[in-house]
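Chemist: Got a sequence here, can you build the structure:
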Amino acid sequence: MSREEPEGPEPEAAAGGSPFPAEPGGDEPRGEEPDRPCPEPALGSRSSLYFASLDAAVEGLQQRVQDVLRRLNGGREEAHTELSGVRDSILLKVSELTEQLEERLFHGYGFHNGLIQERLQALSEVLERVEGVQAELRRICCTVEAAYQDLCLQPED
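Modeler: Numbers count the residues shown, from 1 in each chain. Below you'll find the predicted structure:
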């Protein structure tokens with residue numbers, strides 16, 4: 001016996017059902033709605049008005065959200081602009097204060113350098129006097145040494 005495949009719609013009927021899906025949308029993946037427009041006459045005028053009102057409310061909410069977002073972004077831009085201005089003014093003030101501090105430091109350095117110069121000059125003068133006194137002490141020591149040698153070398157009579 002040879003087995004031949006029947007032609008026509010019989011295999012679907014033999015598979016246990018009609019050629020149409022058992023439930024509406026059964027041939028489509030679950031979780032997705034068919035992309036078919038709903039026929040208007042089946043809804044009725046009252047539900048049609050309800051959906052139109054709902055659409056208008058949704059559009060109104062979307063518009064309000066867009067307005068809030070626009071105001072929020074505008075506020076952020078203003079805040080950014082203000083912060084940039086504050087940052088710039090702080091940088092300018094810090095720069096001015098830094099220059100004033102440098103001027104004061106340089107003035108203080110100059111003043112202290114003057115004091116150091118005066119004291120170095122005084123120290124130099126003291127060192128010159130010490131050298132003079134040291135030279136005089138050497139002469140005195142030489143004189144005392146010479147006198148001592150003269151006293152020690154004289155014959156005793």
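
Chemist: Pull up the gap between the spatially most central residue of the chain and Glu77, please.
Modeler: Centroid check for the chain by CA atoms, centre = their mean gives Arg87 as the closest residue, at 12.8 Å. Arg87 is 15 Å from Glu77, where distance means CB to CB, to the nearest Å. Bear in mind the C-beta positions are built from the backbone N, C-alpha and C, glycine included.

Chemist: Now name the helix or strand holding Gln149.
Modeler: Assigned by DSSP states H and E, Gln149 belongs to helix 45-153.

Chemist: list the helices and strands that helix packs on?
Modeler: Counting contacts by 3 or more CB pairs under 8 Å, 6 or more residues apart in numbering; DSSP states H and E, helix 45-153 packs against no other helix or strand.

Chemist: average pLDDT across it?
Modeler: What helix 45-153 shows for mean pLDDT is 93.

Chemist: Centre of the chain to it, how far?
Modeler: 22 Å (CA atoms, centre = their mean, to the nearest Å).

Chemist: What of stretch 148-157?
Modeler: Remark: stretch 148-157 is offset 96 Å from the chain centroid, using CA atoms, centre = their mean.

Chemist: Dump it to PDB, keeping only the CA atoms.
Modeler: Extracted in PDB, the C-alpha atoms of stretch 148-157 (Å, rounded to 0.1, in the frame of the first residue of the first chain):
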ATOM      1  CA  TYR A 148     108.700  89.800  79.800                       C
ATOM      2  CA  GLN A 149     111.700  88.600  77.700                       C
ATOM      3  CA  ASP A 150     113.600  91.800  78.600                       C
ATOM      4  CA  LEU A 151     112.900  91.300  82.300                       C
ATOM      5  CA  CYS A 152     113.800  87.600  82.100                       C
ATOM      6  CA  LEU A 153     117.000  88.200  80.100                       C
ATOM      7  CA  GLN A 154     118.500  90.900  82.200                       C
ATOM      8  CA  PRO A 155     121.400  89.800  84.400                       C
ATOM      9  CA  GLU A 156     120.900  90.000  88.100                       C
ATOM     10  CA  ASP A 157     123.300  92.300  89.800                       C
END
